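Engineer: Provided below are the primary sequence and the corresponding predicted coordinates.
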Amino acid sequence: MRNSVLAIAFLLSFGLVGAAQQTTIHQVPIKTTPWASGQQMYHQYCAACHGTNADGAGPAAAACTVKPADLRMLAKTHGGKFPYDHFYTVLQFGTQPPTLAHGSVDMPIWLPLLSSLGEGEGLTEQRMHNIARYVASLQSK
């Protein structure tokens, strides 16, 4: 479980090092945020890669093997409707089969990471629903 918690590191902490502008990702434990605020959780857990405005251009995006998705465009690329169930499932389990961008070192699977906060299954699920609702609210018209 400790390794799972540390896997979140690249989303929570990063830095640019050296004259060659090489991106280095540091590992830190997951931090507790208010479970009711999808926006605060997004900014704590997702923005490093997906960007503060969800455009896929966060400061740690350069270190990702696959460019992080522009989360504002999910509805547009899914026939005008935010793919809520799919988004929530990716938070829970990654993609099936796992891809380089989801469920690997590029994007941790959030269910075990949020579960490690020890708040109980109900709050872990509520956290993921609140993040999904927040991302749904960011969709481009």
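Structural biologist: Alright, I've got the coordinates.
Engineer: the chain: strands as residue ranges?
Structural biologist: In the chain, the strands defined using DSSP state E lie at 14-17, 22-25.
Engineer: which of those has the lowest mean pLDDT?
Structural biologist: Set side by side, the strands of the chain give their lowest mean pLDDT on strand 14-17, at a mean of 35.
Engineer: in this structure, which ranges drop under the pLDDT threshold?
Structural biologist: For the chain, the stretches with pLDDT under 70 are 1-27, 95-106, 141.
Engineer: I'd assumed residue 72 was in contact with residue 53.
Structural biologist: Yes. Using C-beta atoms under 8 Å, residue 53 is in contact with residue 72, at 7.4 Å. Placement of C-beta: from N, CA and C, glycine included.
Engineer: and these two? Which one has more around it.
Structural biologist: The residue with more neighbours, out of residue 53 and residue 72, is residue 72; 18 against 13, by other C-beta atoms under 10 Å.
Engineer: any idea how far the more buried one is from residue 127?
Structural biologist: To residue 127, residue 72 is 21 Å away according to C-beta to C-beta, to the nearest Å.
Engineer: how near is the residue nearest to the spatial centre of the chain to residue 120?
Structural biologist: The centroid of the chain falls nearest to residue 46 when counting by C-alpha atoms, centre = their mean (3.7 Å). Counting by C-beta to C-beta, the gap from residue 46 to residue 120 is 22 Å.
Engineer: roughly how far does the closest residue to residue 119 other than its chain neighbours sit from residue 112?
Structural biologist: Once flanking residues are discounted, residue 119 sits nearest to residue 35: 6.8 Å by C-beta to C-beta, 6 or more residues apart in numbering. In this view, residue 35 and residue 112 are 16 Å apart by C-beta to C-beta.
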